[in-house]
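*Asks:* okay, sequence plus prediction incoming.
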Amino acid sequence: MKKRKRKNSPPFNFPLAKGGKRGVGIFISLEGIEGTGKSTQARMLSEYLIKKRYETALTEEPGGTAISREIRKVLLSTKHDKMDYMAELLLYNAARIQHIKEKIVPELAKGKIVITDRFSDSTAAYQGYGRGISLRLIDSLDRIATGRMRPDLTILLDLDVETGLRRNKHINKVDRLELEDVRFHKKVREGFLKLAAKEPKRIKLVKASKSIAEIHREIVRIVEKVLE
Ligand code: TMP
């Protein structure tokens, strides 16, 4: 009997971004624990690139499309304290599939620089290192959800957990994951640092204890190298 070829392809085709000069756009993610100022930095980077006349799309996870935003509400509602960790993992992946298909790939295909506030490293850090779900399982699901699509560049904003959580309290930001204890967030931070150590070419570490302007300047320096 003829052996059937194992199909490893994702559920759809997308022009994988591989960095540098090419026909498709550039994919950048910002990552980090709570309170690092990621969203502010993502916005500032997008505004900077627009000023430099780059076509830019700013997006976020979980979110970026109507369906993914609905999934976000389910994931982050503080009412959902009974959510099983596996249900949580699958929902983050579901939101990501929709995000890639409806937003990231079409924008990259137009040649844009796509900046996303979080992507798959968050799943490895939060559901893997934080929740303790097997990284192998997370990786298999990631293969189904993204076809192992990775950003060309990931900026990891690193900050100590206490400062991050204090900052978020200050702006009254509360969601289901933020309600986890300090120990959980410490595991997530360590997870991010391990991911950065494994992929130093893609993941660039930026200390988030500096001022907003300094962090922005450092991010711009890193991004400009990729755009050269
Ligand atoms: P945000 O507050 O940065 O928008 O992120 C929403 C929350 O979702 C944050 O607590 C991190 C968490 N998260 C995961 O646990 N896994 C994921 O894959 C993603 C994208 C986010």
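*Replies:* Structure received.
*Asks:* ignoring the adjacent residues along the chain, who's closest to T123?
*Replies:* Leaving out its chain neighbours, the residue that sits closest to T123 by Cβ to Cβ, 6 or more residues apart in numbering is Y92, at 5.3 Å. (Glycine included, C-beta is placed from N, CA and C.)
*Asks:* for the one you found, list the residues it contacts.
*Replies:* The neighbours of Y92, taking Cβ atoms under 8 Å, 6 or more residues apart in numbering as the test, are 61-62, 75, 122-123, 127.
*Asks:* could you dump the residues you listed to a markdown table with neighbour count?
*Replies:* Formatted as a markdown table, the contacts of Y92 follow (neighbours: other Cβ atoms under 10 Å):
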| residue | neighbour count |
| --- | --- |
| E61 | 23 |
| P62 | 25 |
| L75 | 20 |
| S122 | 25 |
| T123 | 26 |
| Q127 | 25 |
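*Asks:* doesn't L30 make contact with D117?
*Replies:* Yes - D117 lies in contact with L30 (Cβ atoms under 8 Å); the separation is 5.5 Å.
*Asks:* near the ligand too, which of the contacts of Y92?
*Replies:* Residues of the contacts of Y92 in contact with the ligand (Cβ under 6 Å from any ligand atom): 61-62, 122-123, 127.
*Asks:* can you tell me which of these are in strands?
*Replies:* Using DSSP state E, no member of these falls in strands.
*Asks:* so S120 touches L141, yeah?
*Replies:* No - at 9.7 Å, S120 does not count as touching L141 under the criterion of Cβ under 8 Å.
*Asks:* so for the worst-scoring helix or strand of the chain on mean pLDDT, what gets flagged as buried?
*Replies:* Scoring the helices and strands of the chain by mean pLDDT, DSSP states H and E places helix 161-170 at the bottom, with a mean of 87. Buried residues in helix 161-170, counting neighbours by 16 or more other Cβ atoms under 10 Å, are found at 161, 164-165, 167-168.
*Asks:* try stretch 170-186
*Replies:* Buried residues in stretch 170-186, counted by 16+ other Cβ under 10 Å: 176-178, 180, 184-186.
*Asks:* cool, and stretch 96-108?
*Replies:* Using 16+ other Cβ under 10 Å, the residues of stretch 96-108 that count as buried are 96-101, 103-105, 107-108.
*Asks:* also stretch 73-89?
*Replies:* 74-75, 88-89.
*Asks:* that'll do, ta.
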